[in-house]
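> with the input below, show me the fold.
(one chain, ligands or ions: 1)
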Amino acid sequence: MNVLLVEDEQKIADFVCEGLRAKNFNVIHCADGHRGYEVASKNTFDVIILDIMLPGRDGLDILRSLRKERIDTPIILLTARNELGDRVQGLEMGADDYLAKPFYVEELNARIQALFRRHGGAQQHLIEAGSLQLDCINRTINCRGQSVELTSREFSLLEYLMRSANQVLTRGQLLEHVWGYDFDPCTNVVDVCIKRIRRKIASLDEAGEMVGAIESVRGTGYRLSSR
Ligand code: CA
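Here you go, the predicted structure:
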């Protein structure tokens, strides 16, 4: 599951990132409002966790813009104890839930799971492409009934390819969506990650049909064929 966290307090950002990554979420963190809005509006997330008081642009302002653009990703607001008015306003403006600071990561996780179920995650949580089946809630991937052991980054990359099956995704799109980079880090992380996924799938897929399913598109990126 892909999570965007927009939070300027480093300590909170650290424990949320660490806690959610330990639960296998792919977490992208932005520390200011402008960047948070940009990343939220250009990418697809399963949930956005949005602090209200932010440098640049505040959380309510970001929420308003996203909803105006009909981006209906579930949003959980993080609020300070004295921001009751903002909380109410936030819910009226289309936030799905809020969590008052301080909170435990388990609490946040429970809210995320509840939101995901409410938003029809139950119908969409299984994605299939060829002989691969991906379960977004349990974060597992099966190939012909055998489970593929992936790291959380590998999982997010494969999930993105499967959700966008038959479309070419550029290295830039993959870097931004899976790693949260908005610049070219001049590394081959994407290619290395793809290589590892292919190897893991190949070890399970004796028929060899899925091995070529993640196609390299020369000079551009990758495409996962659903046939
Ligand atoms: Ca803040």
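> what about the helices in this structure?
With helices called from DSSP state H, the chain shows them at 10-22, 33-42, 59-68, 84-92, 105-116, 122-124, 152-163, 171-174, 189-204.
> residue 166 reaches residue 225, doesn't it?
Yes. Between residue 166 and residue 225 a contact is recorded at 6.1 Å, counting by C-beta atoms under 8 Å. Every residue, glycine included, has its C-beta placed from N, CA and C.
> anything in contact with each of those two?
Common contacts of residue 166 and residue 225 (C-beta atoms under 8 Å, 6 or more residues apart in numbering): none found.
> domain ranges for the chain?
The chain breaks down by automatic domain parsing into domains covering 2-121, 125-224.
> mean pLDDT lowest for which of those domains?
Mean pLDDT values for the domains of the chain show the minimum at domain 125-224, a mean of 84.
> now that domain, how far from the chain's geometric center?
Averaging C-alpha positions (C-alpha atoms, centre = their mean, to the nearest Å) puts domain 125-224 14 Å from its chain's average.
> contacting residues for the closest residue to residue 89 other than its chain neighbours?
Nearest-residue entry for residue 89: residue 60, 6.3 Å, with adjacent residues in sequence omitted and distances by C-beta to C-beta, 6 or more residues apart in numbering. For residue 60, the contacting residues are 52, 86, 89-90, 93, by C-beta under 8 Å, 6+ apart.
> the ion next: which of the residues you listed are close?
Counting by C-beta under 5 Å from the ion, the subset of the contacts of residue 60 that neighbours the ion is empty.
> would you list those residues in TSV and tack on neighbour count?
Converted to TSV, the contacts of residue 60 look like this (neighbours: other C-beta atoms under 10 Å):
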residue	neighbour count
52	23
86	20
89	16
90	24
93	17
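> and the residues you listed, which is closest to the ion?
The ion has its nearest neighbour among these in residue 52, at 7.0 Å by C-beta to the ion.
> ok, now how distant is the residue nearest to the closest one when sequence neighbours are not counted from residue 93?
Closest residue to residue 52 apart from its sequence neighbours, by C-beta to C-beta, 6+ apart: residue 59 at 4.0 Å. Going from residue 59 to residue 93 by C-beta to C-beta, to the nearest Å gives 10 Å.
> what comes up buried for stretch 27-35?
Within stretch 27-35, the residues that count as buried by 16 or more other C-beta atoms under 10 Å are 27-31, 33, 35.
> check those residues and tell me the two furthest apart.
The largest separation in these, counting by C-beta to C-beta, is between 27 and 33 at 17.9 Å.
> who in the chain is up against the ion?
Residues of the chain lying close to the ion (C-beta under 5 Å from the ion) are 8, 51, 53.
> who wins for neighbours among the residues you listed?
Neighbour tally across the residues of the chain next to the ion (other C-beta atoms under 10 Å): the maximum, 24 neighbours, falls on residue 51.
> quick one: contacts for that one?
Residue 51 makes contacts with 6-9, 12, 59, 77-78, as judged by C-beta under 8 Å, 6+ apart.
> of these, buried ones?
6-8, 12, 59, 77-78.
> now these as CSV including distance to residue 170?
Output for those, formatted as CSV (distance: C-beta to C-beta, whole Å):
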residue, distance to residue 170
6, 25
7, 28
8, 30
12, 33
59, 30
77, 33
78, 32
